[in-house]
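In: Quick one, fold the following:
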Amino acid sequence: MKRFTIPAVLFLLFCHVICFGQKDKLTAEKQKHKVICFGFYNFENLFDTLDTEGKRDEDFTPKGKLTYDARVYKEKLGNLSHVISELGTELSPDGPAILGVAEIENKSVLEDFVKQPKVKSRNYQIVHYESLDKRGIDVGLLYNPKYFEVIETGKITPKLFYDKKEKEGVKRDTVFTRDMLWVKGKLDGDVVYVIVCHWPSRRGGSYLREGAAKHCKEFIRQIQEENFRAKIIVMGDLNDDPVDKSVKLLAKGSKEEVKKGGFYNPWFDLYKKGIGTLAYRDSWNLFDQILISQSLLQKSEKSYYFYKNSIFNKSYLISKGGRFKGYPFRTYSFGTYVGGYSDHLPVCVYLIKKI
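Out: Okay, the predicted model is just below:
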């Protein structure tokens, strides 16, 4: 039998009391406020089963090395929809009003996703643009029209380059990476901008992600030139942690440090505690983040403002055995289909508005 010391028991009792206190507080908050959930999830290579010309998707076909066939595709859609059916429902029964996604091949896979029985009733609508990413993966945004009305959409194409040393000198090669997607819309009357990102991988060097961050920041500057108090949310797989330079170019880890026009990163403290959304070499990273503009930090009598954030880490999303035990439960393990969900955990933030 496992034994607990007296201090350990007291600590557990303390946590028990705190948890109940928090639950009561949340219940009270819900009675006084409308609660809206914004989520983000890296779908980890949600490809269709077709070999599309110009895309490096051969592995994700029935004859490819992963034997990615209709059965696998159907099960993956079902798994992902199960996660989204539960994400954010603790405080918002309809789940995410807005969901950003990464690592999706095209619009058709999102069309198949929103038809899944566990999320079909939400009537999710799709915003998607094809990007020039060589792997053939994009970002996308799903929104529930019950809560959100789209006004305008577009994309940000980062112009990034590698400098390669050759005999003739330095040659500059273009990096084809994921576009950033932006959407302007009305959230129950409030005008809100959402930017969905999937910044370049760590294999390409930090300067590429810093370049993507600068493009994102420049787009935000253009929004704020028209409306300095614009409500803006940046979400995505940033391929960097909250403490890395690229992310710090956009957001501060402390509310007190956020100036007008700046952004708050609510994931900073979680990362400092060793909590993350993906694991690599037995340590956690927190690449999946949602950043909040200063205009959403101010409590208001009439509009939405930031309440809290969370990582969705239900036990079924964690591998129970094998080499990746304790890691997020992925779809494939070393080329073998294991039937998981994603190698990332989803995240969400809650905005509230007084009734």
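In: How about V234, nearest residue that isn't a chain neighbour?
Out: Counting by CB to CB, 6 or more residues apart in numbering, V234 lies nearest to L291, which is 4.3 Å off, once chain neighbours are set aside. Just so you know, the C-beta spots here come from the backbone N, C-alpha and C atoms, and that holds for glycine as well.
In: you'd agree the one you found is in a strand?
Out: Yes: according to DSSP: H, G, I helix; E, B strand; the rest coil, L291 belongs to a strand.
In: OK, contacts around D112?
Out: By CB atoms under 8 Å, 6 or more residues apart in numbering, the residues touching D112 are D48, L77.
In: What does it show for phi and psi?
Out: phi -70, psi -40 (degrees, to the nearest 10).
In: Kindly provide the distance from it to W267.
Out: Note on D112: its distance to W267, by CB to CB, to the nearest Å, is 30 Å.
In: before we move on, what about K118?
Out: Distance, K118 to W267, by CB to CB: 27 Å.
In: quick one: which of those two has more around it?
Out: Between K118 and W267, W267 has the larger neighbour count (other CB atoms under 10 Å), namely 27 against 16.
In: in the sheet, who's paired with C348?
Out: Assessed by DSSP bridges, C348 has beta-bridge partners G39, S310.
In: Now do the contacts for G276.
Out: G276 touches L270, W284, N285, L286, F287, I311, L345, counting by CB under 8 Å, 6+ apart.
In: ok, 10 Å please
Out: 241, 267, 270, 283-288, 311, 313, 328, 344-345 (CB atoms under 10 Å, 6 or more residues apart in numbering).
In: Equivalent analysis for P328, please.
Out: Residues in contact with P328 (CB under 10 Å, 6+ apart) are 42, 44, 276-279, 284, 313, 317-319, 340-346.
In: rerun that using 6 Å as the cut-off
Out: Shown in contact with P328 (CB atoms under 6 Å, 6 or more residues apart in numbering): L317, D343, H344, L345.
In: Roughly how far does the first one sit from L208?
Out: Here the distance between L317 and L208 works out to 29 Å (CB to CB).
In: what's the answer for the second one, then?
Out: Taking CB to CB as the measure, D343 and L208 are separated by 21 Å.
In: Distance of the residue positioned nearest the centre of the chain relative to E53?
Out: Of all residues in the chain, the one closest to the mean position by CA atoms, centre = their mean is F40, 2.9 Å from it. Distance, F40 to E53, using CB to CB: 30 Å.
In: what does V338 give?
Out: For V338 relative to E53 (CB to CB), the value is 30 Å.
In: any weak-confidence spans in the stretch 101-250 of the chain?
Out: 163-172 (pLDDT under 70).
In: one more time with 80, if that's ok
Out: In the predicted model, the stretch 101-250 of the chain carries pLDDT under 80 at residues 162-173, 204.
In: would you list every one of the helices in it?
Out: Along the stretch 101-250 of the chain, the segments classed as helices by DSSP state H, counting those that start in this stretch run 107-114, 206-226, 245-248.
In: Quick one: list the elements packing against the longest one.
Out: Going back to what we said before, that points to helix 206-226. Helix 206-226 is packed against helix 245-248, with contacts defined by 3 or more CB pairs under 6 Å, 6 or more residues apart in numbering; DSSP states H and E.
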